[in-house]
Structures are given as structure tokens and as C-alpha cells.
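Peer 1: Quick one, what's the 3D model for this:
(one chain, ligands or ions: 1)
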Amino acid sequence: MNERICLITGATSGIGKSTAFGLAESGYSVILLGRNEQKCKQVSEHIKKKTGNEKVKYYVADISLIKDVKKISGRIKNDFNRLDFLINNAGARFLNHQLTDEGIEITLATNHLGHFILTNELLPLLQNSDDPRIINISSGVHYGGKGVIKNITDPAAYDGRKQYSDSKLANVLFTYELAERLKENNVKTFVVDPGGVATNFSRNNGLKFWLKHLVYYLLKRQLISPKKASRTIIYLATSDEVKNLTAKFYYEMKEKKSADISYDKSLQKSLWEMSEELIRKIN
Ligand SMILES: NC(=O)c1ccc[n+]([C@@H]2O[C@H](COP(=O)([O-])OP(=O)(O)OC[C@H]3O[C@@H](n4cnc5c(N)ncnc54)[C@H](OP(=O)(O)O)[C@@H]3O)[C@@H](O)[C@H]2O)c1
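Peer 2: Residues are numbered from 1 along each chain as shown. Next up, the predicted model:
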């Protein structure tokens, strides 16, 4: 029996769902976080039935909403006293400009800010583990990121491609800053480029853009299954080989150098401060 407990965001589809399945198959306690109650129920029932692991639970929250994330974190802290790994995976690309009800540009809110809050809120649980690990899911497009992601409120200033790249760079900057801030606490942090994966990613932008995304990787012969993409994440969460590492970027099971800009300590710090400032304004 494996008593380790993991939480995965965006566990109702694609890479997150496959990762949850793989961890449940190995006997871990799995907490799914999703925004759609029906999907969460279906996925958790499916995982339980196929793996025979009954330790699968779900919580419903929209990761793009600060108040939702804080509320759900409170419930998780009430129900659990320890978390061994946190996998920050939920993410999306938005072709058109949108603001959340809290006034945050939706790419920033979904891909970075929600996970920034979730991670900070759940740190007390992670610190109760003897080998806590946080794994953030970034992308190869972070290499095109230009700096600290901005809360773009003017639709005319919005470029969906650029904002997505900056959000994925934010995942890397956050991973490194988190490692720095947690170096006394034994919490290890990793960030993963999953590659080009055949999932529902970009489907929110319509069939044409979803197919464009798939065909791009297909033509490069780089399109992989969610199961294959989940291997690196599961490896980083569970392997003893990486037990003593932190602040590392991984692609296809191997450590790799992330974008030069991601090692800029002043940007790492600025992203953290900007995130805190946005949260203060919402409260
Ligand atoms: N697919 C690729 O080629 C690729 C490449 C590089 C990086 N990535 C990264 O991989 C991660 C997973 O993406 P995927 O490819 O597995 O895509 P996916 O199949 O679309 O899954 C995305 C997951 O995130 C959830 N999600 C999105 N917005 C949310 C919100 N506001 N609140 C809560 N959950 C939300 C989705 O929930 P619903 O099921 O309710 O929609 C779904 O479970 C993302 O961070 C993405 O940036 C993907």
C-alpha cells in the first residue's frame, strides 16, 4: 500500500487525467481538482473502476478565480493534514482577450495566478510531508516568453500567443523562485515541458485552432499521447533519483536548460511581487 497523497489540477482531461490515472494505478491517494463537477465525478469513478484504487477524491474549483481557489484550499486543509506532491497542471490558451469576474486577464489567472495561490495556501500541508514535491507544467513555448506576464486589461493590447508564452515562462520563473523561498523547508520544485500532446488543449478556441495545434506537432512527428507525457511528471513526483534535486526543468524524462531569461533572479522576484499585489487588490 502506498500512503503518499498527491493533488493534480486540471485532472479532468489530457495530461492531468493521465497523470492521475498513472498515480492511482501505483496505489497513491489522488486528489483531483477540476472546475466541472460532472467531469470530476466521471473521471474519479473511471479511475477507481479501472485501477481498483478507491483512494481517489475530487474538489471543484475554477483555478482562474482567486476566491474559489482560496475557498477550496481551506476545504482541502480541513480534510487533509498532509500532501506529498502538488502537480500544477491546469492550463489553457486564449485566442481572444477575456477578463475574469475578478478583473484578471484569463491566461494569467488560469495558467499562473490560481496556481500561485493554491501552492502558497497548501504549503502547510506539503511541509508535513517527509519528501514534498511541487511539479509545475510549463511548455516549450516558454522559450519565446519575453518577461513577467502582465495583467492586460485593454483588449487592443492583447496578443494571445505572446500572453500564453509569458504565462508558460511564469511557470518556470515561479518554480525557481519557489525553490529559493523554500530552500530551508525541504520542499522540492520541478517544471516540465510535456511536449506536443494530443489532448483537448486549445479546443476552447474552436475546432480550427485545436486541429492546427495537433497538426503542427503531427507534421513535426512530435505528437505524443497524454500517457507518454505523464511519464516525466510521474517520474519527478515519485522517483528517488530526483529526491535531492530542486529548481529543475525537465523534458522527456531528462533535465534540460530552460530559457536564459528564466534564470533572471530579478524577474523571478518581480513575478512573485506582482502576483501578491494582484491578490491584495482582489481581497
Ligand atoms: N497539449 C499540449 O501540446 C501541451 C504542450 C505544452 C504544454 N501543455 C500544458 O499542459 C497542461 C495540460 O494541458 P492539456 O494538454 O492536458 O490540455 P487539456 O486536455 O485541455 O486539459 C486542461 C485541463 O485544465 C483544466 N482547466 C482549464 N481551465 C481551468 C480552470 N479555469 N479551472 C480549473 N481547471 C481548468 C481543464 O478542465 P476541463 O476538463 O473542465 O476543460 C482540463 O482538465 C497545460 O498547462 C498546458 O499549458 C500542453
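Peer 1: Can you report how many residues lie near Asp264?
Peer 2: Residues near Asp264, counting by other CB atoms under 10 Å, number 15. Backbone N, C-alpha and C define where each C-beta goes, glycine included.
Peer 1: Not counting sequence-adjacent ones, nearest residue to it?
Peer 2: Leaving aside its chain neighbours, Asp264 sits nearest to Leu173 (8.0 Å; criterion: CB to CB, 6 or more residues apart in numbering).
Peer 1: gap between the helix or strand containing the one you found and the chain center?
Peer 2: In this structure, Leu173 sits in helix 160-181 according to DSSP states H and E. Distance, stretch centre to chain centre, for helix 160-181: 11 Å (CA atoms, centre = their mean, to the nearest Å).
Peer 1: Stretch 125-143 now?
Peer 2: 8 Å.
Peer 1: quick one: that stretch near the ligand?
Peer 2: Yes. Stretch 125-143 lies within reach of the ligand by CB under 6 Å from any ligand atom, at Ile137, Ser139.
Peer 1: which residues touch the worst-scoring helix or strand of the chain on mean pLDDT?
Peer 2: Here the helix or strand of the chain ranked lowest by mean pLDDT, DSSP states H and E is helix 207-219, holding a mean of 89. With CB atoms under 8 Å, 6 or more residues apart in numbering as the test, helix 207-219 has contacts from Leu95, Gly195, Gly196, Val197, Ala198, Asn200, Phe201, Ser202, Arg203, Leu223.
Peer 1: that's a helix at the first one, yeah?
Peer 2: Same thing as Leu95. No. Counting by DSSP: H, G, I helix; E, B strand; the rest coil, Leu95 is not found in a helix; it is coil.
Peer 1: residues touching the closest residue in space to Gly103 that isn't next to it in sequence, list them.
Peer 2: Distances taken as CB to CB, 6+ apart put Thr153 closest to Gly103, at 7.2 Å, once the chain neighbours are dropped. By CB under 8 Å, 6+ apart, the contact list for Thr153 reads Leu99, Gly103, Glu105.
Peer 1: confidence score at the residue lying farthest from the centre of the chain?
Peer 2: Computed with CA atoms, centre = their mean, the residue of the chain farthest from its C-alpha average is Ala156, at 28.0 Å. Looking at Ala156, its pLDDT stands at 98.
Peer 1: got a list of what the single nearest residue of the stretch 51-200 of the chain relative to the ligand touches?
Peer 2: Proximity of the stretch 51-200 of the chain to the ligand (CB to the nearest ligand atom) peaks at Gly91, 2.3 Å away. Residues in contact with Gly91 (CB under 8 Å, 6+ apart) are Gly10, Thr110, Asn111, Ile137, Ser167, Phe201.
Peer 1: count of neighbours near the fourth one?
Peer 2: Taking other CB under 10 Å as the neighbour definition, Ile137 ends up with a count of 27.
Peer 1: For beta bridges, what are the partners of it?
Peer 2: Val192 (DSSP bridges).
Peer 1: Would you mind measuring from it to Phe116?
Peer 2: 14 Å (CB to CB, to the nearest Å).
Peer 1: what bits of the protein have low per-residue confidence?
Peer 2: Along the chain, the model assigns pLDDT under 70 to residues 1-2.
Peer 1: Around the ligand, which positions in it sit nearby?
Peer 2: Residues of the chain lying near the ligand (CB under 6 Å from any ligand atom): 10, 12-16, 34-36, 39, 62-64, 89-92, 110, 137, 139, 194, 196-197, 199-201.
Peer 1: Can you pick out the ones from the residues you listed that are in helices?
Peer 2: The members of the residues of the chain next to the ligand that map onto helices under DSSP state H are Gly14, Ile15, Gly16, Lys39.
Peer 1: So among the contacts of Thr153, which ones count as buried?
Peer 2: Glu105 (16 or more other CB atoms under 10 Å).
Peer 1: and which of the contacts of Thr153 is nearest to Arg4?
Peer 2: Glu105 (35.6 Å; CB to CB).
Peer 1: Could you give the number of residues near the closest residue to that closest one other than its chain neighbours?
Peer 2: Excluding the flanking residues, the one nearest Glu105 by CB to CB, 6+ apart is Ile152, at 4.8 Å. Ile152: 19 surrounding residues under other CB under 10 Å.
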